[in-house]
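**Student:** I'll drop the sequence and a predicted model, then ask my questions.
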Amino acid sequence: MHTRKRRRALIAGVVTVATAALGIGLSTQFASAQTTLRGAADEAGIDIGIAVDANQLQNNATYRNLVATEFNSLTAENAMKWDATEPSDNSWNFSGADAIVDFAEDNDQTVHGHTFVWHSQTPQWVQNLSASAMQAAMVDHINTLANRYEGRVDSWDVVNEVVSDNNGAMRDSFWRNTLGDGYITTAFQTARAADPNADLYINDYSIEGDNAKSDRIYTIAQGLNSQNLIDGVGFQSHLILGQVPSTMEANLQRFIDLGLKVRITELDIRIQTPADANELQQQANDYERVVSICAELADCSGVTVWGLRDADSWVPGVFPGYGAPLLFDDNFGKKPAYNAVLEALGGDGSEEPTTTDPGTTTPPPTGDGDCTAEIDVVNDWGSGWQGNVLITADNGAVNGWTLTWTWPSGQSITSSWNATVTSSGSSVTASDVGWNANIAAGQTMNAWGFVGSGSSAAPQVTCTAD
Ligand code: G3I
């Protein structure tokens, strides 16, 4: 076993037994002075992880700082998937994955790798292969990734979402249809041989409670475990407000009883938007419940939250009308759920959340402040990119703003939203559209965005408050 793996402190085990026997959460009885998630999680000997976007990690200083200070484990939200790493046969792109692993190493964070074999985000060239060629491609893909990151990635989701939502039946993916169910064992055998020290996980969603789907995962995990090919089960935990399964703790425990680790791998809790203050409090309670379950189980290796800010989440795109599922709001403010997770990890979550209470209306500020602004490159797909523009009211409230900047190398704006934009050569001027004019003193607003052409850039922006 290599050294970067986090081990629970013995004291944490003792505390767990004591509190479990009393039926009391770790949080309330043993709150420490830790005021960051990372500090509390380190003390408890547990991973608190975050799914990261490689572009934001490289281009947005606020994002980077929070990832470094609040989390002790990273997962690539997309950068280690097949379409990102091997878009065509034997043509590799590790730029995003390397950036994330380098960052983790620089900041003494563990890495949970996601994912070798999945039916989604796998390029067409793989799906079109004959059985023998597909098996060879899968083995080569696993070997290449596992070897590249050996000793730097602590654990891997070897297969992802292999069970369907149909009463626990196996998923009819192209993998299964071409190779039969044996592809799962082959994937684990390959990963085990490639990096014997990495922990190997099977990962899926809607298996948090005791149900037909988790029963199927149990059977698969049992079979792999009898061959010493698996170390853990990842429970994605894409949950809906108020719906933490009542059987979650017992369900995780039965996998632990097999001799396996468990891990909450992709936690988010979605709310019908706009969310009100009561719903944000309910969300905090739900987060506290899930994290407490993991904190109280000695073989739960950690909890990874699936994205940093609400604005980063995949949820609204896939479940229209739902969103706000994460710990930080669009402006990097801490939500009530943040404090709840801090408490569940044993830290001090008594500080007021920094997010604005959506249930109260604040009077329009008087416009007397200075402002600063930065372009946050949130996505770059090669032929174009998306920038979000964050504006901060530095000295007093801002009641209207105008931004100017100069593109460094021929970029231009293809389309934009929530600002009035004019361009002249490489010079850009952008101003508010009324409803986003007011920024309270000290607050940062994710004010507007655009799609850019050319290579992504974040030039210095001059902000003038009206
Ligand atoms: O990179 C492409 C780019 O080439 C393209 O031009 C651009 C146009 O929209 O999209 C870019 O790809 C997007 C990709 O994220 C990277 O940003 C895809 O459209 C988008 O669908 C993709 O979404 C990801 C999704 O997995 C794909 O299935 C989400 O960010 C990611 O959060 C989500 O994560 C999954 C886990 O891996 C497995 N469990 C469920 C979870 C949520 O769906």
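**Tutor:** Received the coordinates, thanks.
**Student:** count the neighbours of the closest residue to the ligand within the stretch 1-150 of the chain for me.
**Tutor:** The stretch 1-150 of the chain approaches the ligand most closely through residue 78 (4.3 Å), counting by CB to the nearest ligand atom. Yep, even glycine has a C-beta here, placed from its N, CA and C like the rest. For residue 78, the neighbour count with other CB atoms under 10 Å is 18.
**Student:** nearest spatial neighbour of it, skipping sequence neighbours?
**Tutor:** Using CB to CB, 6 or more residues apart in numbering and skipping residues adjacent in sequence, the residue nearest residue 78 is residue 84, 5.8 Å away.
**Student:** what's the answer for residue 94, then?
**Tutor:** In space, residue 94 is closest to residue 85, 6.3 Å off (CB to CB, 6+ apart).
**Student:** now residue 200: which helix or strand?
**Tutor:** For residue 200, the host element (DSSP states H and E) is strand 199-204.
**Student:** sorry, back to before: which residues touch the residue of the stretch 1-150 of the chain closest to the ligand?
**Tutor:** Taking CB atoms under 8 Å, 6 or more residues apart in numbering, we find residue 78 in contact with 53-54, 84, 96, 121.
**Student:** so how far is residue 439 from it?
**Tutor:** 31 Å (CB to CB, to the nearest Å).
**Student:** residues from the stretch 201-350 of the chain in reach of the ligand?
**Tutor:** Within the stretch 201-350 of the chain, the positions lying close to the ligand (CB under 6 Å from any ligand atom) are 205, 236, 266, 314.
**Student:** and the protein, what are its domains?
**Tutor:** The chain breaks down into these domains under automatic domain parsing: 14-361, 371-465.
**Student:** tell me how many other residues crowd residue 236.
**Tutor:** 22.
**Student:** that one contacts residue 204, doesn't it?
**Tutor:** Yes. If you go by CB atoms under 8 Å, residue 236 and residue 204 touch, sitting 6.4 Å apart.
**Student:** pLDDT below threshold where in the stretch 51-200 of the chain?
**Tutor:** For the stretch 51-200 of the chain, applying pLDDT under 70 flags no range at all.
**Student:** residue ranges of the strands in it, please?
**Tutor:** 73-76, 110-117, 155-160, 199-204 (DSSP state E, counting those that start in this stretch).
**Student:** next one: the stretch 201-350 of the chain
**Tutor:** According to DSSP E, counting those that start in this stretch, the strands that the stretch 201-350 of the chain contains are 232-235, 238-240, 261-272, 300-305, 322-323.
**Student:** and the second one, which strands flank it?
**Tutor:** Using DSSP bridges, the strands paired with strand 238-240 in its sheet are strand 261-272 (parallel).
**Student:** identify each buried residue in the strand it pairs with, please.
**Tutor:** Neighbour-count burial for strand 261-272 flags 261-271 (criterion: 16 or more other CB atoms under 10 Å).
**Student:** from these, which two are the most distant?
**Tutor:** 261 and 271 (29.9 Å; CB to CB).
**Student:** helices or strands up against the lengthiest helix in the chain?
**Tutor:** Ranked by residue count under DSSP state H, the longest helix found in the chain is helix 277-296. On a contact count with 3 or more CB pairs under 8 Å, 6 or more residues apart in numbering; DSSP states H and E, helix 277-296 meets helix 10-22, helix 26-29, helix 248-256, strand 261-272, strand 300-305, helix 336-344.
**Student:** ok, of these, where does mean pLDDT dip lowest?
**Tutor:** The weakest mean pLDDT among the helices and strands packed on helix 277-296 belongs to helix 10-22, with a mean of 40.
**Student:** and residue 297, what does it touch?
**Tutor:** Residue 297 neighbours (CB under 8 Å, 6+ apart): 16, 249, 252-253, 256, 262.
**Student:** around the ligand, which positions in the stretch 51-200 of the chain sit nearby?
**Tutor:** So the stretch 51-200 of the chain meets the ligand at 77-78, 120-121, 160 (CB under 6 Å from any ligand atom).
**Student:** filter those residues to the buried ones?
**Tutor:** So, by 16+ other CB under 10 Å, the buried ones in those are 77-78, 160.
**Student:** hang on, the earlier thing: neighbours of the residue nearest to residue 78, just the number please.
**Tutor:** Neighbour tally, residue 84, other CB under 10 Å: 18.
**Student:** again with the one 10 residues further on
**Tutor:** Neighbours of residue 94 under the rule other CB under 10 Å: 18.
**Student:** that one and residue 49, how far apart?
**Tutor:** For residue 94 relative to residue 49 (CB to CB), the value is 21 Å.
**Student:** what's the answer for residue 133, then?
**Tutor:** From residue 133 to residue 49 the distance is 35 Å (CB to CB).
**Student:** could you look up the SS state of residue 40?
**Tutor:** Look at residue 40: counting by DSSP: H, G, I helix; E, B strand; the rest coil, its state is helix.
**Student:** pull the contacting residues for it.
**Tutor:** Applying CB under 8 Å, 6+ apart, the residues near residue 40 are 32, 34, 48, 342, 345-347.
**Student:** which single residue in the stretch 351-466 of the chain comes nearest to the ligand?
**Tutor:** Closest contact between the stretch 351-466 of the chain and the ligand, by CB to the nearest ligand atom, is at residue 381 (3.3 Å).
**Student:** and that residue, how many neighbours?
**Tutor:** 10.
**Student:** buried sites along stretch 416-433?
**Tutor:** For stretch 416-433, by 16+ other CB under 10 Å, it's 416, 418-419, 421, 428, 430-432.
**Student:** in strands, which of the residues you listed fall?
**Tutor:** Under the assignment DSSP state E, those contribute 416, 421, 428, 430-431 to strands.
**Student:** among those, which are in reach of the ligand?
**Tutor:** Among those, none lies close to the ligand by the criterion of CB under 6 Å from any ligand atom.
**Student:** now those residues in a markdown table, please, with extra columns for distance to residue 192.
**Tutor:** As requested, those are exported to a markdown table (distance: CB to CB, whole Å):
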| residue | distance to residue 192 |
| --- | --- |
| 416 | 49 |
| 421 | 53 |
| 428 | 53 |
| 430 | 53 |
| 431 | 58 |
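**Student:** ok, back up a step: what angle do the strand holding residue 200 and strand 110-117 make?
**Tutor:** Counting by axes from the mean of the first three to the mean of the last three CA atoms, to 10 degrees, strand 199-204 lies at 60 degrees to strand 110-117.
**Student:** same for strand 199-204, what does it pack against?
**Tutor:** On a contact count with 3+ CB pairs under 8 Å, 6+ apart, strand 199-204 meets strand 110-117, strand 155-160, helix 182-194, helix 212-226, strand 232-235, strand 261-272.
**Student:** let me have those in CSV, extended by distance to residue 375.
**Tutor:** Below are the helices and strands packed on strand 199-204 laid out as CSV (distance: least, CB to CB, whole Å):
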stretch, distance to residue 375
strand 110-117, 28
strand 155-160, 33
helix 182-194, 39
helix 212-226, 43
strand 232-235, 35
strand 261-272, 26
